[in-house]
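[1] Task: produce atomic coordinates for the following.
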Amino acid sequence: MKLIQILKVAVIPVLTVFSFVSASNTALADYLNSQGSGGNYRYELWSSDDNSHYYLKVWSSEASQNSDAYSTTRAFTSTREALIYFDCNYAERNLPECPR
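    Next up is the predicted model:
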């Protein structure tokens, strides 16, 4: 009976702490997919670590590399959708996909 009590008091809390520490090392991260420019703007295309969504960070072409983004877009479901959004809304390209 004493062995079970020792396990409850000593081992279970240690295992609990270990599981929290190891879980924190598996944090999610976003990844830079590509960079580009068009019109008076430049962008970075970022994706979630599981590639389930993408978003754009947009700067004025005159802004420094270290400045905060002029705009960060909503999540897109594909890189194509994100880049079409940039082309239509920032680069001012006249694509068939652009809303009229």
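[2] so where do the helices sit in the chain?
    Counting by DSSP state H, the chain has helices at residues 2-6, 12-24, 79-89.
[3] Residues contacting the last one, please?
    Counting contacts by C-beta atoms under 8 Å, 6 or more residues apart in numbering, the residues outside helix 79-89 that touch it are 33-34, 36, 38, 41, 43, 45, 47, 54-56, 58, 73, 76, 93, 95, 97-99. For the C-beta atoms, the positions are set from N, CA and C on the backbone; glycine is no exception.
[4] Which of those are buried? Put it as a ChimeraX command.
    Per 16 or more other C-beta atoms under 10 Å, the buried members of those correspond to this ChimeraX selection:
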select :41,43,45,47,54,55,56,58,73,76
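[5] Go through the contacts of helix 79-89 and flag which are in strands.
    Judged by DSSP state E, the contacts of helix 79-89 include 33-34, 36, 38, 41, 43, 45, 47, 54-56, 58 as members of strands.
[6] Show me the shaky parts of this structure.
    Along the chain, the parts satisfying pLDDT under 70 run over 1, 3-28.
[7] run the last query once more with 50
    21-26 (pLDDT under 50).
[8] most centrally placed residue in it?
    The chain has residue 30 as the residue nearest its centroid, 3.4 Å off, counting by C-alpha atoms, centre = their mean.
[9] List the beta-bridge partners for the closest residue to that one other than its chain neighbours.
    Computed as C-beta to C-beta, 6 or more residues apart in numbering, the closest residue to residue 30 that is not its neighbour in sequence is residue 46, at 4.9 Å. Here residue 46 shows beta-bridge partners residue 32, residue 55, assigned using DSSP bridges.
[10] Many thanks, I have nothing further to ask.
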